[in-house]
Structure formats: structure tokens, C-alpha cells
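In: below: sequence and its predicted model.
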Amino acid sequence: MPPLDPLPDNVKLEEPIRLCVAADMLPDGSFGRQWLVVTDETVRVYATMDGDEPKLRLELPLRELESPKAESVVGGGVLEAAHGDQTIELVRYTNAQAKRFAFAARALEKWAKGEEAEEQEEEEQRCPRCGLPLESGTRVCPACLPRSRTLLRLIAYLRPHWKGALALSSLALTGTALGLVPPYLSKPLMDSVLAPSLPRPLPERLRLLGLLVVALLVARALGALVGAAQGWLSAWLGNRITHGIRCQLYQHLQGLSLRFFDKLQLGTVVSRVNQDTGQLQSFLVWGSQDLATNILLIVGIGVMLFVMNWRLALLVFIPAPIVGLLSTGFMRIIRRYMHSFFHRWSRLNAFLNETLTGLRVVRAFAQEPREVARFGEHSGDLASIGTQAERTWAVMFSGMSLLIMAGTLLVWYVGGRDVLFEHMTLGTLMAFLMYVGMFYGPVQSMSWLINWSSRSLTAAERVFEMLDSELEVVSTDDAMAMPHMEGRIEFDSVTFGYEATKPVLKDISLTIEPGEMIGLVGHSGAGKTTMVNLICRFYQVDKGEIRVDGISLKRVRLEDLRRQIGIVPQDTFLFSGTIAENISYANASATREDIIRAAKVANAHDFILRKSDGYETLVGEGGKSLSAGERQRIAIARAVLHNPRILILDEATSQVDVETEAQIQEAIVRLVRERTTIAIAHRLSTLKNADRLVILKEGAVVEVGTHDELLAKEEGEFRRLVDKYQQVSRVRAVER
């Protein structure tokens, strides 16, 4: 879409605005505000001069402009155009807006000639609050993420497993308590057993030593058992929750309109289902457990330190605020690095998915070196930001280790003096130092765990964002069950566009009778495939209504509608599996006899038997082990077994040779009997058997009639298409 910045408040235009771009420089090169406004007839420039309200600075007729171009100058750029025999500067701007005004120049050139402008490339999306770049297809910003809301939503998934969650919390508390026992037992071990100056007899000291060692062993053994149980239960609980979220997400994706997938790269969607849920799973299984354990340890050890010696405990806590401040500052830097890292990782995944899917095209045009270089650029960006993040981590951990060591040495010195002056026993100091060593470990790891939690909550929010995407095409609560359809289809003033401002179909009205075969004819982009997409209700119409058997599609249950529509697409897609499984895809309960009968109707039985494993032959991913004609006939067999009331043939013979086309045509003749059929074909010979032809041009119906009726119109659109087709056929014949 062209940029549409808001107009100044005092500017009111009655005519529709094609384009409005705000510039950040004035004509004299100083910083200020200008607006380039393009309507159907004029080009206007408004500017704020001397701090006043925006005023009209320039107005020119759109059709009189020639050669508009965006030129680079020192410190920015200038948009200029020829008018008569002079070149006029329209607006100046900084380099930050160069891309937008380059598009404006191209659009002006097209509009001045009376042509349609191209689509603007999608600009990098940034968070409106903090300005950080956002991953393609998402509005979730990790820096501004409402973590409490996301965490509460995650906790809601615990409700079905509340008993397991309660047991896990109990185990965490028990494990933390058991972990605090060994350091405390070292105090009587040193003071009552090992101190050489004790008056206690040796047998008694030996007996106490045995008891303390057994107590230590029991505490460690119980701690190990509780840890194992905690890990086992955490793994089960985390995986169950993630499994539920992943299944819910996939189910939601199945219900989303194709309009949703038109706006996103496939790699981005796959990344949400795999990468984001995988990261969420790691956090739920291990991260949340470690986070809870560390928090409990910090609290528990802190209490024990103050109980044993509150003065020394204060010394331990002196470096803690500094460690916290450093962690917070470094975390902000690392969070930006990590967000950029995952953003670039997602782009690399999308690029990899695209190039591997189009590998045949890459090799056909010998573009392997180019794609390798592009991959290297994406991977290099990822490596660069990863290096910066790791270096920041290294600096942070080194600084924190130094602070922790300083705190420990301070305790050694002050505590050692207390022991020498007999204000504290050696056992108390040793137990205290053991607690200090245990205390700084969780403090140091908390920064990493908080960062991991932040990334995991960001991943969770991206998953929730997709779950919250509105289901555009759904069955309403009062939807009617239609297990049997006659097949009458009515388009009533239907208007539709994949983008709201660019309609593909314009006020289409058409009635197709039950059992009638209709041929849709028109140039590429006329709206033929869009019509059948709307019949299948892959999209929702913008205006008007489509009815089947007199009932609006919006009031028909989706499963009933699609169960009675069969499609033989131009680009046949087969799933990985056997030929039999692909034929029976729409009817999983079909018997082998049903599958063979459908294959015979589709003229597929003979070539299937010639395969090494017959109907059990594996077709490979996408059916690539089969020829285009074989895939097409399997698609027809699939439609036969589906037994639809409404049949859609979308360029069913466009990719096959003459002999295969004849076999497919024969199969189609059998398939269309007693079914409402809509056929799209560029080969006009395919449509001779149609009852009526509907001729589309630029999204509108321009002619309707039989093949002979339309061919008899000397100035008709169908006659023009036939003549052009015949000319192309003669040229091809001469070339051969």
C-alpha cells in the first residue's frame, strides 16, 4: 500500500488521497515539516514556514509532471520532477526517509501516465513504544512485553494439571530445605567433633561423627530422590502443557482464513509452531523449575545467614545490590541483542525454507552461487549479533565473579578475626562460608534465568498472538446443516479483494443451475480462481452474497459445504505416503475396491499398476516422484472418491501433453456427470463441453453464453481471446 501519513490538522481535502508522505526538511535544507499530497488530479506540497501552521506551498496538475525522481544530495535527498521546460523541487528529506520517497517517485511516474502504481515493499516494522525492530508478522516487542499478563495466561494452562503443579511446588520446597541441611551440620562437625581442644572423650566424638555423617548421607540421599522426582514431574507437566498449546495452535491455524497466510511467510508460521513452542517447552520443563529453586534458595540461605550471624550477613549483602544493578544494565543490552538474534534467526529460517522449496528454479537458472552468497549474508548477520551477545555475557560474568569474590573475601577477613578473638566458633564460620558459597550461585544464575524467562515469555506471547488472530471464516451459531445439496450457486453483487482497497471481483452477479457445467474464461488476474476460492469459502466476501441452494454461505456449516465440494487444482498437491492413501484422503474409510473404482474413472488404474508397488507406491514429498499428468489423474480419482455435488476444475490439463490431456479429458467427462461443475482453462478446447461460458475481464463479468453464441460475436471479448489463442498456436506451429 502507498504511504498514507496523517494530514496536518488545518488541511481538509474533499477528493480522495492517493498518497501522503511527511518529509522532515524544509526547502532551504533546515529541519522542518513538509507534506507531499497526491490526489487523482493534483500534486500538492504543504510546509510549516517560520513555525506557522502548514500552508500550501506548491500545487501542480498530476498529468503534467514528467520524469519524477528521488535524487541523493548531501545530508539527505530531494524529490523533483519536470514541469514544462523546467525542473521543480517538490520536497527535501533526510536519508531516513529515502526509501519512502523513492517509492513516491515511482508512484508519481506511473500515475502521471494514467497507470497503476506498484505495491510498496513492506517496511521494517518497529515497536511504536521503544523503536526496536519487530520480527516479520508480529507486533510483539520483548522490551515492552507485559510479562505479568503472559505469565498469568501460562498459569491458566496449569488448571487441568493443578494436582501435579501442587506436588511440584511441594517437592521444590522440600528440595530447598534439604539442600540447606548439610552446611548447617558442618557446624557441630567442626565444633563438637573435629576441634582438637575439645575435652569430650574420643569414643563419644566418634559416635557423634558417625551420627553426623549418617545425617549428611540421609539429607543428600533424600535431596537426590526429591530432585529426581522434581525433574520427572516437571518434565511431564511441562511437556503436557506445551503439547496442549501446540495442538491448540495447530488447530487454530487450520481454522484461519487463507488471507492470514497470504500475509506471512511459511517459515514464520513454522517458526511459531516449532521454535517458539520448543523454547516455551524448555522454559516450562527446566527454566521455571530452576527459577523457582533459585528464588527459594536465595530466601532460605538469606534467612540462615542472618540467624547465624547478622553482622556477617550484612557484609554478604553489600555486593548484592551492585550485582543486581550490573545485571539489570547488562540484561537490557543483552535483551536487545537476543531479540535481534532471534529476529535474524527467523529471517534465516524463512530464507532457507524459500530457497529449498524453489531449489529447482535456482538450479535451472544456475543461481547457486548467488543463493549461497545471500545465505552467507544472512548467516553472517546472525553470527555477528551472536558474537556481540556472547561478548557482553563474558564481560558481565567476569564483573559479577569479581564482586562475588570480593564479598567472600570480606567475610573471610571479618569472620576470621571473630574466630581469633573467640567471638565466633570455627564451625560457625565454616558453615557460614558454605552458605555464602551457596548464596552467590543462585544470585549469579538469576540474571541468566531472568533473561531466559524473558525470551521464553516473548516466545509465549508470539504464540498467543497467533492464537488470538481472528477466525475470519467460521460457522455461525445458527449455521444450517446441509448434508445434501442440489448444487445451485448464486453470486449476488459480490465484490472482493485480497486487499480492501484493491477489489479483484467487482459487483459479480451470476447464477449456476444444479448439474450445469460453467466455464470461466479470462486473462490471468481476471478473477477466475478468486471466484472458486469464494465458493469454497476460503475467504469472506467484502460486499454482496454467495448462496448455495438459496441459502447464504455464511449460514451453511463449513464442514457440510466443503464436504460437498471437490477440487482438481492446477498445481496438484500430494501428501507423503502411498498412492492409495492420497486417493482416499477425503474419505479415510474407503475400501480398496472404492479406491480402485475411483482410479479407473480417473484413467489412473493402468499407470498405477505399472508402478513397482502398485497402489502402495510411495509418492514422495509433494508427489515429486510422479509426473504432472499422473498427479493430475490421482487428484481426479481423489475427487471421484470424494463424490462432491459441486466440482471445481482449475486448469486441470494445463501441465500435460496431448496424449495425457486426452486421458484426463475422458476422465473429466465421467466425473462431471450430474454434478454442478465450474471449470477454469486457458486451453479453450477444454471448455467446448461447457453448458455456458462466463467471460471475466478485470474482475467483472463481460459476457455469458454458450461456446457457439460467444464465438459468433465479432467484437466480443471471447472472440478476441480465441483469435489471440489461435495466433499463438500458429506461431508455435511455425517455430516447431
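Out: Cool, got the structure.

In: thought residue 623 was touching residue 582?
Out: Yes. Using C-beta atoms under 8 Å, residue 623 is in contact with residue 582, at 7.3 Å. For glycine as for every other residue, the C-beta is placed from the backbone atoms N, C-alpha and C.

In: chain neighbours aside, what residue packs nearest to residue 433?
Out: residue 411 (6.5 Å; C-beta to C-beta, 6 or more residues apart in numbering).

In: kindly report the domain assignment for the protein.
Out: 17-112, 142-467, 486-564+647-659+674-736, 570-643 (automatic domain parsing).

In: closest to residue 665 out of those?
Out: For residue 665, the closest of the domains of the chain is domain 486-564+647-659+674-736, at 6.7 Å, according to C-beta to C-beta.

In: relative to the whole chain's centre, how far out is the closest one?
Out: 33 Å (C-alpha atoms, centre = their mean, to the nearest Å).

In: same deal with stretch 241-251?
Out: Distance, centroid of stretch 241-251 to centroid of chain: 15 Å (C-alpha atoms, centre = their mean).

In: next: stretch 584-601.
Out: For stretch 584-601, the distance to the chain centre is 36 Å (C-alpha atoms, centre = their mean).

In: again with stretch 10-22
Out: The answer for stretch 10-22 is 34 Å, by C-alpha atoms, centre = their mean.

In: okay, the domains of the chain in CSV with mean pLDDT next?
Out: Shown next, in CSV, are the domains of the chain (pLDDT from 0 to 100):
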stretch, mean pLDDT
domain 17-112, 82
domain 142-467, 76
domain 486-564+647-659+674-736, 81
domain 570-643, 85
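
In: want to throw those domains into TSV with mean neighbour count?
Out: Compiled in TSV, the domains of the chain are given as follows (neighbours: other C-beta atoms under 10 Å):
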stretch	mean neighbour count
domain 17-112	17
domain 142-467	16
domain 486-564+647-659+674-736	17
domain 570-643	18
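
In: got the ones you listed as TSV, with distance to residue 7 columns?
Out: As requested, those are exported to TSV (distance: least, C-beta to C-beta, whole Å):
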stretch	distance to residue 7
domain 17-112	6
domain 142-467	27
domain 486-564+647-659+674-736	18
domain 570-643	45
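
In: circling back to that earlier point, hey, what's in contact with both of residue 623 and residue 582?
Out: Common neighbours of residue 623 and residue 582, using C-beta atoms under 8 Å, 6 or more residues apart in numbering, are 574, 634.

In: quick check: what element follows the one helix or strand residue 321 maps to along the chain?
Out: Counting by DSSP states H and E, the element that carries residue 321 is helix 319-357. Per DSSP H and E, the first helix or strand lying C-terminal to helix 319-357 is helix 359-364.

In: name the residues that touch that following helix?
Out: Identification of contacts with helix 359-364 by C-beta under 8 Å, 6+ apart yields 355, 368, 371.

In: stretch 111-118 too?
Out: 2, 18, 38, 62, 63, 64, 65, 66, 68, 106, 107, 110.

In: same thing but 6 Å
Out: 62, 63, 65, 107, 110 (C-beta atoms under 6 Å, 6 or more residues apart in numbering).

In: what do you get for stretch 90-100?
Out: 3, 21, 23-25, 34, 36, 45, 76-79, 101.

In: could you tell me the end-to-end distance of it?
Out: 14 Å (C-alpha to C-alpha, to the nearest Å).

In: repeat for stretch 362-371
Out: Termini of stretch 362-371 sit 8 Å apart (C-alpha to C-alpha).

In: repeat that for stretch 504-523.
Out: For stretch 504-523, the end-to-end distance is 13 Å (C-alpha to C-alpha).

In: related to what we said a few turns ago, inside strands: which ones of the contacts of stretch 90-100?
Out: Assigned to strands by DSSP state E, the following of the contacts of stretch 90-100 qualify: 21, 23, 24, 25, 34, 36, 45, 76, 77, 78, 79.

In: the spatially closest residue to the third one that is not a sequence neighbour and residue 25: what is the separation?
Out: Nearest in space to residue 24, with sequence neighbours left out and distances taken as C-beta to C-beta, 6+ apart, is residue 94 at 5.4 Å. As defined by C-beta to C-beta, to the nearest Å, residue 94 lies at a distance of 6 Å from residue 25.

In: could you do residue 552 as well?
Out: Distance from residue 552 to residue 25, by C-beta to C-beta: 54 Å.

In: cool, and residue 191?
Out: 79 Å.

In: what do you get for residue 505?
Out: Residue 505 is 43 Å from residue 25, by C-beta to C-beta.

In: again, but for residue 627
Out: Counting by C-beta to C-beta - residue 627 and residue 25 are separated by 60 Å.

In: now do the SS call for the closest residue to residue 246 other than its chain neighbours.
Out: Of all residues not flanking residue 246 in the chain, residue 277 sits nearest, at 4.7 Å (C-beta to C-beta, 6+ apart). Following DSSP: H, G, I helix; E, B strand; the rest coil, residue 277 is assigned to helix.

In: isn't residue 277 up against residue 247?
Out: No. If you go by C-beta atoms under 6 Å, residue 277 and residue 247 don't touch, sitting 9.9 Å apart.

In: what about the helices in the stretch 1-150 of the chain?
Out: Per DSSP state H, counting those that start in this stretch, the stretch 1-150 of the chain carries helices over the ranges 98-112, 147-156.
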